[in-house]
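Engineer: return a 3D structure for these sequence lines:
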Amino acid sequence: MKKSLLILLFLSSCFTCSFSQATQKLSTLQFNSDKEFKILQLTDLHWNEEELEENKLNEQLIHYLIKEENPDLVLFTGDVVVDPPLLKGWKALGEIMKQAKKPWVVVLGNHDTEVKNQLSRQELHQYINQLPYIIPSEALDNYNLSSFALPITNYNSNECSHLLYCIDSNDYATNQEMSHYAWIDWQQMNWYKKVSESYKQHSKESNLHALAFFHIPLLEYNEIQGSTTFVGQMNEGPSTATLNSGFFCQLVEQGDVKGVFVGHDHDNDAIGIYQDIALAFGRVTGYGAYGKLNRGGRIIKLYQGEKRFDTWIHDKEVGISNYYYYPSGISKEEEESLCYLPSETDINTTDLLPGLNYSYFEARYQSVKEIHTKDLIAKGVSPDFSLSMAQRPDSFALVFEGFIEIEQEGVYDFYLTSDDGSQLFINQKLIVDNDGSHSTRQRSARIALKAGLHPIKVLYFEDYMGQELIVSYSNKEMEKTPIPTTVLYRKQ
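Structural biologist: Okay, here's the model as predicted:
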């Protein structure tokens, strides 16, 4: 009988016990009395049982991070124990977590079950599931796919408002001519959609919020560098599968996942937002792994009932760095370094009326710069940036003017989505430029504003075939939303 089969039979005998233990431990994953829940992501530990000095440093780092951050959950995102004797290495890690007395979860990477390790992913999970304080994968969702969904309940409640998808990104492609690394396959995507729909159907929370954790980054990680929401270091890769399985598109369509956290690339710890989803690398943890970054971890702090989270990197040498707010994509360092535009101090909301003043023009335009008073047709009042006053489908322009009330000082992202061109001014300063004749597209920019009233002006023109104007904003505590009528004012 093969060695792997003997291990499988031995581990299977413990399955029933694991299931009951998992049910008991799941009830402890709950927001605390401050309505917060903290996750410590450790990635690419690359534990080798024969490297005693590196293992000592790994153990010290894990205990340091747990002591400093006091997480509610420790989540390993792959390439954890990578060399034989494999089970001895996992047992040693289990002892570390037993001392820490923290629940922990594992998703596998590409190195965890290589041929030299002589264990399949299913066999390895069955062994891991017996370790102290582990949340066993097979007690949750789909054991065969090495993927599961982990619910977090509200404080003193059984209601779930947050969900953690722990997904196996697999290891290597069967056909190396197609791709070196494998990808999240169609069975896993079907599983994700089924679980997502089920939680949406049964959840009492309108703000059901989810994060996804796996090892190998998606191709879409190539899109975050250079954006205004990019923070951290990307010194390699991303090392993705060559083929795109479409999983990111499915995440966008389902709409529940707001953050994806991976490992794999040891010289990357960046985060950025693409299609309203934060794509983040963890910080490499293992001293036996390649890479020049300080060893550490990524922290994610969730807020009960809210679609926002804070995340940062923590290592021994620097401490906390790259403190980041989702959904705004603003870093704490940027927040503290920007120059804040002052508000109007000589007026207040009692001096103003709700809504905006608008001017309506008719002519053929190719740019907002071509809007001219000779084309003026009408003036009036609008509650917001509506196009309802347009008297024909094409060849017209609108200018909206008034004030926006900024209730909380901070860094704001403003967005113009338009067909055709548009521009947004605050305090007489051009903030977002989406000018030109084009189909629907979005442009955005960032600005730091003092609390109070700020002059706001939006210019828009419609050339032909389609008309759209959406003016939105976000800050570190508010996801992107159209500017509401309640913060817009005008002079009489």
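Engineer: now do the phi/psi pair for the residue located most distally from the centre of the chain.
Structural biologist: Distance from the C-alpha centroid of the chain peaks at Lys374, with 48.3 Å (C-alpha atoms, centre = their mean). Note on Lys374: backbone dihedrals following degrees, to the nearest 10 are phi -60, psi -20.
Engineer: what's around Ile470, how many residues?
Structural biologist: The tally of other residues near Ile470 (other C-beta atoms under 10 Å) stands at 15. The C-beta positions use only the backbone N, C-alpha and C, and glycine is treated the same way.
Engineer: so it sits right up against Phe414, yeah?
Structural biologist: No: Ile470 is not in contact with Phe414 according to C-beta atoms under 8 Å; the separation is 11.3 Å.
Engineer: what about the helices in the stretch 201-350 of the chain?
Structural biologist: 247-254, 332-337 (DSSP state H, counting those that start in this stretch).
Engineer: following the chain past the helix or strand of the chain with the lowest mean pLDDT, name the next helix or strand.
Structural biologist: Among the helices and strands of the chain, helix 15-26 carries the lowest confidence by mean pLDDT, DSSP states H and E, at a mean of 36. Heading C-terminal from helix 15-26, the first helix or strand you meet, by DSSP states H and E, is strand 36-42.
Engineer: name the strands paired with that following strand and say parallel or antiparallel.
Structural biologist: If you go by DSSP bridges, strand 36-42 pairs up with strand 73-77 (parallel), strand 296-303 (antiparallel).
Engineer: may I see those strands arranged in JSON lines, with distance to Leu163 and mean pLDDT as well?
Structural biologist: Formatted as JSON lines, the strands paired with strand 36-42 follow (distance: least, C-beta to C-beta, whole Å; pLDDT from 0 to 100):
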{"stretch": "strand 73-77", "distance to Leu163": "13", "mean pLDDT": "98"}
{"stretch": "strand 296-303", "distance to Leu163": "11", "mean pLDDT": "98"}
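Engineer: and the ones you listed: which comes nearest Ser120?
Structural biologist: strand 73-77 (18.5 Å; C-beta to C-beta).
Engineer: distance from the chain centre to whatever helix or strand comes next after the closest one, please.
Structural biologist: Scanning forward in sequence from strand 73-77 by DSSP H and E, the next helix or strand is helix 86-100. Relative to the mean C-alpha coordinate of its chain, helix 86-100 is positioned 30 Å out (C-alpha atoms, centre = their mean, to the nearest Å).
Engineer: what angle do strand 73-77 and helix 86-100 make with each other?
Structural biologist: 160 degrees (axes from the mean of the first three to the mean of the last three C-alpha atoms, to 10 degrees).
Engineer: what's the local residue count around Leu65?
Structural biologist: 25.
Engineer: ok, and the closest non-adjacent residue to it?
Structural biologist: Nearest non-adjacent residue to Leu65, counting by C-beta to C-beta, 6 or more residues apart in numbering: Gly297, 5.0 Å away.
Engineer: distance check, the one you found against Leu75.
Structural biologist: Using C-beta to C-beta, to the nearest Å, we find Gly297 at a distance of 10 Å from Leu75.
Engineer: again, but for Asn175
Structural biologist: 31 Å.
Engineer: which one's more surrounded, the two?
Structural biologist: Using other C-beta under 10 Å, the more surrounded residue of Asn175 and Leu75 is Leu75, with 26 against 8.
Engineer: on that earlier part again, dump the strands paired with strand 36-42 to JSON lines, plus distance to Asn475.
Structural biologist: Formatted as JSON lines, the strands paired with strand 36-42 follow (distance: least, C-beta to C-beta, whole Å):
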{"stretch": "strand 73-77", "distance to Asn475": "27"}
{"stretch": "strand 296-303", "distance to Asn475": "14"}
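Engineer: most tightly packed of these?
Structural biologist: Of the strands paired with strand 36-42, the one with the most neighbours on average (mean count of other C-beta atoms under 10 Å) is strand 73-77, at a mean of 26.
Engineer: distance from the chain centre to it, please.
Structural biologist: On the basis of C-alpha atoms, centre = their mean, strand 73-77 sits 16 Å off its chain's mean C-alpha point.
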